[in-house]
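A.B. asks: sequence and predicted structure are below.
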Amino acid sequence: MLPEFVVLLLSIVSVSMCVPIRDPSGDCLFAECELNSTQIIALYGYIPEEHICRTPDGYHLTLHRITTNSTPPFSKGPTLLLLHGLLDSSSTFLLNGRNSSLAFLLADQGFDIWLGNSRGNRYSLGHDFLSPRDVRFWNWSWDALARYDLPSMIDCVSKLSGAGSISLVGHSQGTMQTFAAMASPDFPERIGSKLLSFVALAPVAYLSDISSELLRALALIRAEELVELLGKGSFLPSTDMMRKLLPAACKADPAACQSMACLISGCRGEHSEHVDVARWPVYAAHYPSGTSVLNMVQLAQGMRAPGRFARFDYGSAEANLRAYNSTVPPEYPLALSASLPVLLLSGTLDALADPQDVLLLYQALGPPLGANLSWRTLDGWDHLDFIWAGKLAPGLALLIRQHVLSAAAAAAADAASH
């Protein structure tokens with residue numbers, strides 16, 4: 001298995017080198033290829049803000065904020081925090097121009113938009129004393145995103161915006177860390193009072209039915225073998241060279257870029273045709289944005305454990321016993337999730353947030369959330385449509401707006417009655 005996996009992994013990185021490139025800097029025709037999130041926000045006439053949020057374990061997370069010329073610096077409108085998915089960043093919500101990017105559409109509807117960046121991506125490489133060149137910087141998995149990153153970002157946005165309570169919109173991994181946090185016993189005390197509602201785009205918790213070739217390859221390798229192969233450092237980080245080469249390769253061969261995305265996010269026999277092929281160089285300039293090897297290990301573990309949404313497995317009964325006082329990693333008790341208005345939006349063609357896995361999630365959340373839980377399946381949507389399908393973004397923004405405003409109105413009515 002190891003030789004095949006090495007070939008698979010290298011194919012993701014080397015796809016950019018499959019075509020001759022004389023001048024990579026001139027191959028992308030879109031300005032976004034050369035810009036970071038703050039610069040893209042400014043490009044379309046908005047006022048960007050950048051804030052650093054520190055986690056309890058010392059990581060420095062970058063938050064990007066969008067305000068408009070008609071909006072005061074500290075908006076009194078509804079406040080939304082958008083959380084990216086696996087190997088992604090805040091840029092993912094900004095890459096289709098002013099009229100077709102989810103973040104801009106929501107900002108134009110009066111929302112105070114904040115974009116999060118989890119530890120380890122290109123915007124969140126700071127730490128109190130560790131450098132990304134130090135392997136200890138990467139000693140975490142998505143457990144830490146749920147335990148540290150999410151509460152820290154919610155707390156920062158709540159304080160900096162002056163809103164007190166905010167709503168959350170997550171995509172893929174951004175939903176996973178939220179569901180894990182909601183199932184934690186201290187959720188109501190730590191962050192529950194600061195959240196009004198949650199919209200889960202392509203929701204992920206259970207992973208047994210996904211068809212991502214990358215994650216399936218990872219799942220076939222034991223954790224210790226995978227760490228021996230890849231080390232304990234970063235996985236597919238964003239580098240200057242890759243931000244030049246990948247867009248050039250995508251311009252020359254969009255099909256190769258589609259194949260690369262399929263390796264990561266999974267593709268069924270038929271692809272969604274909602275993503276504009278001409279903009280693949282833009283997406284490739286910003287994705288992948290990096291994570292830790294251990295994060296990928298935990299995701300692979302989830303694939304090997306049908307019906308379990310559990311914490312990191314240290315690979316032996318002894319190691320798990322030291323970490324958890326249990327020989328097996330404890331599950332996140334979704335049946336005990338704190339009550340919060342939650343909207344699940346999933347796609348019928350999604351091979352990463354597989355419809356069967358989303359059904360298991362819906363059934364697990366049903367008892368604790370009751371009438372606060374709703375689920376809508378979007379016909380013909382796949383995993384990437386939620387972030388990169390510009391033609392679908394206006395409708396998606398409308399669904400988010402309806403849910404958030406409804407939850408806010410219900411919270412206001414409840415407060416007035418007490």
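C.D. replies: Cool, the structure landed.

A.B. asks: distance of the residue nearest to the spatial centre of the chain from residue 333?
C.D. replies: Nearest to the mean C-alpha position of the chain, by C-alpha atoms, centre = their mean, lies residue 85 at 1.7 Å. Distance, residue 85 to residue 333, using C-beta to C-beta, to the nearest Å: 24 Å. (Each C-beta comes from the backbone N, C-alpha and C, glycine too.)

A.B. asks: ok, residue 112 next?
C.D. replies: Counting by C-beta to C-beta - residue 112 and residue 333 are separated by 33 Å.

A.B. asks: tell me which of those two has more neighbours.
C.D. replies: Using other C-beta atoms under 10 Å, the more surrounded residue of residue 112 and residue 333 is residue 112, with 25 against 14.

A.B. asks: partner residues bridging the more buried one?
C.D. replies: Residues in a beta bridge with residue 112, per DSSP bridges, are residue 79.

A.B. asks: confidence score at the residue nearest to residue 54 when sequence neighbours are not counted?
C.D. replies: If the residues on either side of it in the chain are set aside, residue 54 comes closest to residue 60, at 5.8 Å by C-beta to C-beta, 6 or more residues apart in numbering. On pLDDT, residue 60 comes in at 98.

A.B. asks: is it fair to say residue 60 lies in a helix?
C.D. replies: No. Counting by DSSP: H, G, I helix; E, B strand; the rest coil, residue 60 is not part of a helix but strand.

A.B. asks: my guess is it contacts residue 117. True?
C.D. replies: No. If you go by C-beta atoms under 8 Å, residue 60 and residue 117 don't touch, sitting 9.9 Å apart.

A.B. asks: mutual contacts of those two, please.
C.D. replies: Overlap of the contact sets of residue 60 and residue 117 (by C-beta atoms under 8 Å, 6 or more residues apart in numbering) consists of residue 124.

A.B. asks: neighbour-wise, which of the two wins?
C.D. replies: Between residue 60 and residue 117, residue 117 has the larger neighbour count (other C-beta under 10 Å), namely 26 against 16.

A.B. asks: what about residue 147, neighbour count?
C.D. replies: 21.

A.B. asks: residues contacting it?
C.D. replies: So residue 147 contacts 180, 181, 184 (C-beta under 8 Å, 6+ apart).

A.B. asks: residues contacting stretch 178-194, please?
C.D. replies: Residues contacting stretch 178-194 (C-beta under 8 Å, 6+ apart): 83, 142-143, 146-147, 150-151, 154-155, 158, 164-166, 168, 170, 198, 200, 203, 205, 309, 332-334, 336-338, 340, 361, 365.

A.B. asks: now a ChimeraX select for only the buried ones of those.
C.D. replies: Here is the ChimeraX command that selects the buried residues among those (16 or more other C-beta atoms under 10 Å):
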select :83,142,143,146,147,150,151,154,158,165,166,168,170,198,200,203,205,309,332,334,337,338,340,361,365
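
A.B. asks: just the contacts of stretch 178-194: which are in helices?
C.D. replies: Using DSSP state H, the subset of these located in helices is 142, 143, 150, 151, 154, 155, 158, 361, 365.

A.B. asks: residue 67: which of these is nearest?
C.D. replies: Of all these, residue 67 sits closest to residue 158, with 16.7 Å by C-beta to C-beta.

A.B. asks: which residues are contacting the longest helix along the chain?
C.D. replies: Ranked by residue count and defined by DSSP H, the top helix of the chain is helix 393-416. Contacts with helix 393-416, where a contact means C-beta under 8 Å, 6+ apart, come from 78, 80, 96, 99-102, 105-106, 109, 111, 165, 167, 169, 196-197, 199, 201, 341, 343, 345, 374, 376, 386.
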